[in-house]
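this is the structure alone, sequence omitted:
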């Protein structure tokens, strides 16, 4: 398979993730969309690593996974703390700091 | 070669369909389940790219650990539906406009990425045809613990910070 196919798929996934961040009104769905974007980048890394016969693409993928795990843990903790305050997952409910 | 293309399109379809379901489902539980389907498609693509260890890590870490964490929180909070409805009624005009602009930005991003890819040369040849794939776990581990040693250690600090942060944030305030 040509490298271009993988890159198109990766770009498509990233755009879908971006659309999710913009369109969804649920904090957990927003976090899931961010995970989608991270995975799109992972796919591009592995595809480029395969293209150049290098191992680095796969290594970076592990680091991205680790960062994603940390992000999910902290993000979900924040979601739980916010839900305790407002009984809602809608980002529009958390505008106390908005000017 | 032909079966490769067939498998690529199969896994790509699974991945894109899963990703679209994540964005379009109203119920977060369905969103999490569809993203797990997308991750399985991605794992298949990693196998096609001759990166089996990444594929296994994708299943075990992403679909197995991170998504279970998400599912756990979704069920813990017991807020299955997107509660945009009452907000929409009070502000009938504002929300759709914001959503339109956001959707337009996402489409713009896709168009820009497509344009950049269409201007790039050398993408039509088969992937890595002239270079052997590096897929042995031994080589992965060697590079990870030599060239990327510093990044590896920094990652462990990151995980400790995330763990402490999550515990502090989610703890109930006693007073």
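Cool, the structure landed. On a predicted model such as this, the values are computed, not experimentally measured, just so you know.

going forward, measure contacts between C-alpha atoms and count neighbours the same way
Noted.

quick one, helices of chain A?
Taking DSSP state H as the criterion, chain A carries its helices at A:3-23, A:27-51, A:56-86.

a markdown table for those, including distance to residue B:113?
Shown next, in a markdown table, are the helices of chain A (distance: least, CA to CA, whole Å):
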| stretch | distance to residue B:113 |
| --- | --- |
| helix A:3-23 | 6 |
| helix A:27-51 | 13 |
| helix A:56-86 | 20 |
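
for the ones you listed, give me TSV that also has mean neighbour count.
TSV is the format used below for the helices of chain A (neighbours: other CA atoms under 10 Å in any protein chain shown):
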stretch	mean neighbour count
helix A:3-23	23
helix A:27-51	23
helix A:56-86	19
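
format these as TSV; extra columns: mean pLDDT.
TSV is the format used below for the helices of chain A (pLDDT from 0 to 100):
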stretch	mean pLDDT
helix A:3-23	89
helix A:27-51	92
helix A:56-86	90
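
quick one: which of these is nearest residue B:134?
Nearest of those to residue B:134, taken as CA to CA: helix A:27-51 at 7.6 Å.

how about the closest one and chain B, any contact?
Yes. Counting by CA under 8 Å from any CA of the partner chain, contacts between helix A:27-51 and chain B involve A:28, A:29, A:32, A:33, A:36, A:43, A:46, A:47, A:50, A:51.

rewinding a little: so which of the helices of chain A gets nearest residue B:117?
helix A:3-23 (7.4 Å).

mind giving me the packing neighbours of the closest one?
In terms of contact count using 3 or more CA pairs under 8 Å, 6 or more residues apart in numbering or on different chains; DSSP states H and E, helix A:3-23 is assigned the packing partners helix A:27-51, helix B:2-24, helix B:94-119.

now do the first one against helix A:56-86, angle only.
It stands for helix A:27-51. 180 degrees (axes from the mean of the first three to the mean of the last three CA atoms, to 10 degrees).

with the longest one instead?
For helix B:94-119 against helix A:56-86, the angle between stretch directions is 180 degrees (the same axes, to 10 degrees).

ok, now which ones touch residue B:128?
A:50, A:51, A:52, A:53 (CA atoms under 8 Å, 6 or more residues apart in numbering or on different chains).

so how far is stretch B:53-73 from its chain's centroid?
10 Å (CA atoms, centre = their mean, to the nearest Å).

anything in that stretch near chain A?
Yes. Using CA under 8 Å from any CA, stretch B:53-73 comes into contact with chain A via B:54, B:61, B:62, B:66, B:69, B:70, B:73.

can you pull out the low-pLDDT segments for chain B?
For chain B, the stretches flagged by pLDDT under 70 are B:1, B:79-96, B:174-175.

so it: which segments form each domain?
B:1-82, B:136-175 (automatic domain parsing).

buried deepest among these, which one?
domain B:1-82 (a mean of 19; mean count of other CA atoms under 10 Å in any protein chain shown).

from residue A:32, how far out is the residue nearest the centre of chain B?
Residue closest to the average C-alpha location in chain B (CA atoms, centre = their mean): residue B:39, at 7.0 Å. With distances taken as CA to CA, to the nearest Å, residue B:39 is found 12 Å from residue A:32.

over to residue B:100?
When residue B:100 is compared with residue A:32 (using CA to CA), they lie 21 Å apart.

pull the distance from the helix or strand harbouring residue B:153 to the chain's centre.
Assigned by DSSP states H and E, residue B:153 falls within helix B:149-170. Centroid separation for helix B:149-170 versus its chain: 20 Å, with CA atoms, centre = their mean.

please apply the same query to stretch A:53-68.
15 Å.

so what touches that stretch?
A:35, A:38, A:42, A:45-50, B:51, B:54, B:61-62, B:128, B:131-135, B:139-140, B:143-144, B:152, B:155, B:158-159.

please apply the same query to stretch B:40-52.
Contacts of stretch B:40-52 (CA under 8 Å, 6+ apart): A:43, A:46-47, A:50, A:58, B:4, B:8, B:11-15, B:54-56, B:58-59, B:63, B:133-135.

before we move on, the earlier item: quick one: is the helix holding residue B:153 near chain A?
Yes. Part of helix B:149-170 sits near chain A under the criterion CA under 8 Å from any CA, namely B:152, B:155, B:158, B:159, B:162, B:163, B:165, B:166, B:167, B:169, B:170.
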